[in-house]
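In: predicted model, plus sequence, below.
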Amino acid sequence: MASIYDLSFQDVEEVLKGKGLKPFRARQIFRWLYDKRISSYEEMSDISKDLRNELSLEYPFSVLSVKDVQISRDGTRKYLFELSDGCLIESVLMIFDYGYSACLSSQVGCNMGCRFCASGLLKKQRDLSVSEIVLQALYIQKELDKEDKRLGNIVVMGTGEPFDNYDNVMKALSIINDPFGLKIGSRHISISTCGLVPKIRRFAKEGVQYNLAISLHAANDELRSSLMPVNRAYPLEELFDALREYAAGNNRRLTFEYLLLAGINDREEDVKAIKKLFQGLDAYINLIPYNEVKENEFHSTSDANALRFYDLLKKNGVAVTLRQKKGDDIDAACGQLRANHMK
Ligand code: SAH
């Protein structure tokens, strides 16, 4: 059954119209949900009792129940939520110099099978619904409310492949972005994909201004296929064709994520290959220190080598950033907290 948090602003207008009510009431309802951030229908004091009763039967209130919270020395907070069917998901609140950022999950588990990733340790159980995605952001905003702080950024980089749950992710983001919803600006929202080419093409035509990030992690097909099985279905040439199409239709800079795995993808030849891939593309690469996962054999590149790799990319004219490490004293790697709880 759909929850009230599954509905977009337009959906609420339609529901109201269907009841012979004025659509402007949708504004009131959204204000209660996303500005006042109430926790039950009873609190909607300017909505008639009859309408509240009807809505609560048709679109019940739903909440995420928090099972565990880990707080890192740097302030990163990782939440483990239990869904109504008992599934567990994770969300992370990160504090950057530019503000608060929430990392949301898009699926329960993941089927992409990237070798280095803890999320893939547990196969996908199901997609998250729109409300389950929206509620992650709302929960985190409610936590920040206690300190009078505002959530400024959303990254869909938690467990799951967002483009494998395309419709729900896009609808949830539209609610998060909506001027009557959570009001987080498009340019403060990022979606990260491992490279599902047909969905990249679809996204290119969507006409939204969210940032698109691609998990690259290797710049030649052999290595990328060995790390990320998705590369066998959509090798680099196809991926970059789709990205060029996206770039041509959207005036947006692309972000590439690149985990630094010691001795695997941090060599000089990797710099050359990255440079070649990026030719003619407005893109930058974000080097990410690897959060080690004890179930696999990968290690993070040393700080010194990471700096060397960074410098080399720079010298080769590649736009590059080195991501700040967050929450490395907690189960910060995607899926780690959940995996540890399910054992
Ligand atoms: N499926 C999407 C989004 C979720 S993963 C994607 O692949 O982009 C978000 C990012 O975290 C990806 O770049 C992923 O490769 C990276 N990641 C996975 N495991 C990690 C780890 N142990 N340490 C650091 N980053 C990791």
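Out: Yep, it's here. Computed from a prediction, not measured in an experiment: that's the story for all the values here.
In: please see if the helix or strand where L337 lies touches the ligand.
Out: Using DSSP states H and E, L337 sits in helix 336-342. No: with CB under 6 Å from any ligand atom as the measure, helix 336-342 is seen stopping short of the ligand, the closest distance being 7.4 Å. Heads up, the C-betas are built off the backbone N, CA and C, glycines and all.
In: what packs against that helix?
Out: Counting contacts by 3 or more CB pairs under 8 Å, 6 or more residues apart in numbering; DSSP states H and E, helix 336-342 packs against strand 65-71, strand 77-82, strand 88-96.
In: next, D11: phi, psi?
Out: Per-residue torsions, D11: phi -60, psi -40 (degrees, to the nearest 10).
In: same check, this time on L55
Out: Here is the backbone geometry of L55 (degrees, to the nearest 10): phi -60, psi -40.
In: and it, what pLDDT?
Out: As predicted, L55 sits at a pLDDT of 97.
In: my read: it touches Y41, true?
Out: Yes: between L55 and Y41 there is a contact under CB atoms under 8 Å: 6.5 Å.
In: now the helices and strands packed on helix 336-342 in CSV, with distance to the ligand, mean pLDDT and mean neighbour count?
Out: Output for those, formatted as CSV (distance: least, CB to the nearest ligand atom, whole Å; pLDDT from 0 to 100; neighbours: other CB atoms under 10 Å):
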stretch, distance to the ligand, mean pLDDT, mean neighbour count
strand 65-71, 15, 95, 14
strand 77-82, 13, 97, 20
strand 88-96, 11, 95, 22
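In: okay if I get those strands as a markdown table plus distance to E13?
Out: What follows is these, written out as a markdown table (distance: least, CB to CB, whole Å):
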| stretch | distance to E13 |
| --- | --- |
| strand 65-71 | 30 |
| strand 77-82 | 29 |
| strand 88-96 | 29 |
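In: before we move on, which element is Q279 in?
Out: For Q279, there is no helix or strand it lies in under DSSP H and E.
In: what is the least confident helix or strand in this structure?
Out: helix 336-342 (a mean of 71; mean pLDDT, DSSP states H and E).
In: convert it to PDB, retaining C-alpha atoms only.
Out: Output in PDB follows, covering the C-alpha atoms of helix 336-342 (Å, rounded to 0.1, in the frame of the first residue of the first chain):
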ATOM      1  CA  GLN A 336      29.300  -2.600   5.800                       C
ATOM      2  CA  LEU A 337      27.100  -1.700   8.700                       C
ATOM      3  CA  ARG A 338      24.200  -3.700   7.200                       C
ATOM      4  CA  ALA A 339      26.400  -6.600   6.300                       C
ATOM      5  CA  ASN A 340      27.700  -6.700   9.800                       C
ATOM      6  CA  HIS A 341      24.200  -6.600  11.300                       C
ATOM      7  CA  MET A 342      22.900  -9.400   9.200                       C
END
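In: who in the stretch 101-250 of the chain is up against the ligand?
Out: Neighbours of the ligand within the stretch 101-250 of the chain, by CB under 6 Å from any ligand atom: M112, C114, F116, C117, A118, M157, E161, S192, T193, C194, S215.
In: re earlier: show me what the least confident helix or strand of the chain is in contact with.
Out: 67-68, 70, 78, 80, 88-90, 118-119, 121-122, 159, 291, 293, 295, 330-331 (CB atoms under 8 Å, 6 or more residues apart in numbering).
In: next one: that helix to chain centre, how far?
Out: With CA atoms, centre = their mean, to the nearest Å as the basis, helix 336-342 stands 19 Å off its chain's centre.
In: mind listing the residues bridging to the residue most central in space within the chain?
Out: Taking CA atoms, centre = their mean, the centroid of the chain lies closest to V156, which sits 0.6 Å from it. Beta-bridge partners of V156, counted by DSSP bridges, are I191.
In: that one contacts M170, doesn't it?
Out: No: counting by CB under 8 Å, V156 sits too far from M170 to count as a contact (10.0 Å).
In: quick one: the helices in the stretch 201-343 of the chain, in order.
Out: For the stretch 201-343 of the chain, helices defined by DSSP state H, counting those that start in this stretch occupy the ranges 221-227, 230-233, 236-249, 268-277, 303-315, 336-342.
In: can you list the buried residues in the third one?
Out: Read that as helix 236-249. Neighbour counts over helix 236-249 (16 or more other CB atoms under 10 Å) mark L236, L239, F240, A242, L243, Y246, A247 as buried.
In: grab the nearest non-local neighbour of the first one.
Out: Nearest in space to L236, with sequence neighbours left out and distances taken as CB to CB, 6 or more residues apart in numbering, is D221 at 5.5 Å.
In: where does this structure dip in pLDDT?
Out: 325, 331-336, 342-343 (pLDDT under 70).
In: how is it partitioned into domains?
Out: The record assigns the chain these domain ranges, following automatic domain parsing: 4-58, 65-342.
In: residue contacts, the nearest residue to R25 once chain neighbours are set aside?
Out: Nearest residue to R25, sequence neighbours excluded (CB to CB, 6+ apart): L16, at 5.3 Å. Residues counted as contacts of L16 (CB under 8 Å, 6+ apart) are K22, P23, R25, A26.
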